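# output the structure for:
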Amino acid sequence: MFVSFTDWEFDGNVDNAVEAAKGFWPAMKKHGATNMRMTVTGDKTLRTMTLWSSEEKLKANIDEVRAAAASAAGMTTTGGSMGALAVELD
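Take a look at the predicted model:
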């Protein structure tokens, strides 16, 4: 499994950003995303962590997904990274 982290800045409130992410989730799943978590990192900032079914799907779709999510949610991407999931502990 592969993971992407994206840092976002938004103008509205966090509830609007969360609702927009929920609405956009079905489109992300079509591109190979399997799980997404969103963390509030500041008054107007968020970080998402998205699990992907494969490195290929992540690399083929990350730019399109980030651009579409930014457009749908009214947010701006301010940073990001990606890599292989090394361990998952519950």
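# any idea how far Val3 is from the closest residue to Met1 other than its chain neighbours?
Once flanking residues are discounted, Met1 sits nearest to Leu85: 4.4 Å by C-beta to C-beta, 6 or more residues apart in numbering. Where C-beta positions appear, they are placed from N, C-alpha and C, glycine not excepted. With distances taken as C-beta to C-beta, to the nearest Å, Leu85 is found 5 Å from Val3.
# picking up where we left off before, isn't the residue nearest to Met1 up against Phe5?
No. The criterion here is C-beta atoms under 8 Å, and Leu85 misses it with Phe5 at 11.6 Å.
# quick one: neighbours of Gly32, just the number.
20 (other C-beta atoms under 10 Å).
# backbone phi and psi for it, please?
When quoted as degrees, to the nearest 10, the phi and psi of Gly32 stand at phi 110, psi 0.
# low pLDDT regions in the protein?
In the prediction, the chain carries no residues with pLDDT under 70.
# the same query, at a cut-off of 80, please.
For the chain, residues meeting the criterion pLDDT under 80 lie at 12, 69, 72-74.
# what's around the closest residue to Gly83 other than its chain neighbours, how many residues?
Among residues not flanking Gly83 along the chain, Val3 sits closest, at 6.3 Å (C-beta to C-beta, 6+ apart). By the criterion of other C-beta under 10 Å, Val3 has 17 neighbours.
# check Met1 too.
Using other C-beta under 10 Å, the number of residues around Met1 comes to 14.
# hmm, it is touching Leu51, no?
Yes. Using C-beta under 8 Å, Met1 is in contact with Leu51, at 5.6 Å.
# okay, and the common contacts of these two?
Shared contacts of Met1 and Leu51 (C-beta atoms under 8 Å, 6 or more residues apart in numbering): Thr34, Leu85.
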